[in-house]
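> Structure for the following, please:
(one chain, ligands or ions: 1)
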Amino acid sequence: MRVILFGPPGVGKGTQAKLLSATYGIPHISTGDMLREAVADESELGKKAQAVMDAGRLVSDDIMIGIIENVLKSERCRLGFILDGFPRTVPQADALTLLLRKLGLRLDVVVSMEASEQEVIGRLSKRLSCSQCGKIYNLNTDRLDTPSACPTCGGELIQREDDKPETVLRRLRVYARSTAPVKEYYEKAGLMKTINAVGSIDEVTASLRALLPHA
Ligand code: AMP
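Numbers count the residues shown, from 1 in each chain. Alright, predicted model coming up:
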C-alpha cells in the first residue's frame, strides 16, 4: 500500500499516519520527523535545516527529494509506505512521480485531510509532543495529569518551536502558496480523495480506512 497523507500543518497527518502504520505494518515516512532527528543529531543536514524549520519555511526541494529518494529505495519501504509531509511543492510531486516510475511502483491514493484554518490554528497552539517517543498530544482533547510528562513513556512533553503563534501563521501562508497546488496535481492524476479531518481520532481513522486498499 502506497499512500500520501496530504493537508495543512496541524490537520492530524502524523497522528493518523502512526495509527495506519501500526495497523497495516508499513512504515510512516514523515519528512518533518526525519529533519527533526537530523537537527537533534546535529548532522550536516540538521545544521542546514534548523533555521529554515524554526522560521516555518520550506527546506529546499533538492535536499528533500534526495532524502525521499534514499528512503523509498530502501528495504523498509519494500511493502509500501505512508508519506506524511512530502511532497510539499509541485516540483517535489514531479520528482516523486519520476522516482516511483523508475522504481516500477505506483501510488494507490493521496488523501487530502481537510479542516478550516481556524481549526488547525487552534490545534497547533495546543499541540505538545513527547521528546522521547514522539507521541503527539493536544491540550484541548487529551487529559494530561502532568502536562510536562508523556503518559506513555514519561518523556518530556514539549511545544515545537514552529508551533509558536507567529510561526504557525507563516507555515499556513507557505502551505497556501507552495503546498496547496499539489492538491490539484494529484486531482489531475486521478489519485486524490478527500476526507473531513474534524472529529475524533477514531472518526477520522474510519474515514481514512474507507478509502484505503484492503481496509
Ligand atoms: P512537519 O513536521 O511535516 O510539519 O514539518 C516540519 C518542517 O520541516 C516544515 O515546516 C518544513 O520546514 C520542513 N519540511 C518537512 N517536510 C518538508 C518538505 N517535504 N519540503 C520542505 N520542507 C519540509
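
> Could you check which helix or strand contains the residue in the chain that the ligand sits nearest to?
Relative to the ligand, the nearest point of the chain is residue 32 (2.0 Å; CB to the nearest ligand atom). Using the backbone N, CA and C atoms, a C-beta is placed for each residue, glycine as well. Using DSSP states H and E, residue 32 sits within helix 31-41.

> Does the very next helix or strand once past that helix reach the ligand?
With elements assigned by DSSP H and E, the helix or strand that comes after helix 31-41 is helix 44-54. Yes: with CB under 6 Å from any ligand atom as the criterion, the ligand is reached by helix 44-54 at 52-53.

> cool, stretch 72-83 as well?
No: in terms of CB under 6 Å from any ligand atom, no part of stretch 72-83 sits within range of the ligand; the closest distance is 9.1 Å.

> For that stretch, C-alpha coordinates in CSV please.
Taking Å, rounded to 0.1, in the frame of the first residue of the first chain, the C-alpha atoms of stretch 72-83 are listed here in CSV:
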residue,chain,number,x,y,z
LEU,A,72,11.8,5.0,-0.8
LYS,A,73,14.6,2.9,-2.4
SER,A,74,15.4,1.3,1.0
GLU,A,75,14.3,-2.2,2.0
ARG,A,76,12.0,-0.9,4.7
CYS,A,77,9.7,0.6,2.1
ARG,A,78,9.5,-2.6,0.0
LEU,A,79,5.9,-3.4,1.0
GLY,A,80,4.7,0.2,0.9
PHE,A,81,4.7,3.5,2.8
ILE,A,82,2.6,6.2,4.3
LEU,A,83,4.1,9.5,3.3
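
> How many residues are close by the residue nearest to the residue of the chain closest to the ligand when sequence neighbours are not counted?
The shortest distance from residue 32 to any non-neighbouring residue, by CB to CB, 6 or more residues apart in numbering, is to residue 85 (4.6 Å). Residue 85 has 23 neighbours, counted by other CB atoms under 10 Å.

> do you know how far residue 85 is from residue 6?
9 Å (CB to CB, to the nearest Å).

> which residues touch the residue nearest to residue 32?
For residue 85, the contact set (CB atoms under 8 Å, 6 or more residues apart in numbering) comprises 13, 30-32.

> Near the ligand, which residues of this protein are found?
Residues of the chain lying near the ligand (CB under 6 Å from any ligand atom): 9, 31-32, 35, 52-53, 56-59, 64, 85-86, 88, 92, 162, 171.

> Give the ChimeraX command for selecting the buried subset of those residues.
Entered in ChimeraX, the line below selects the buried ones among the residues of the chain next to the ligand, by 16 or more other CB atoms under 10 Å:
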select :9,31,32,35,53,56,57,58,59,64,85,86,88,92,162,171
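
> Report pLDDT for residue 215.
If you check residue 215, the pLDDT there is 53.

> meant to ask about residue 170
95.

> Need the three-state assignment for it.
helix (DSSP: H, G, I helix; E, B strand; the rest coil).

> from what I can see residue 144 touches residue 135, true?
No: Residue 144 is not in contact with residue 135 according to CB atoms under 8 Å; the separation is 11.3 Å.

> No further queries at this time; thank you.
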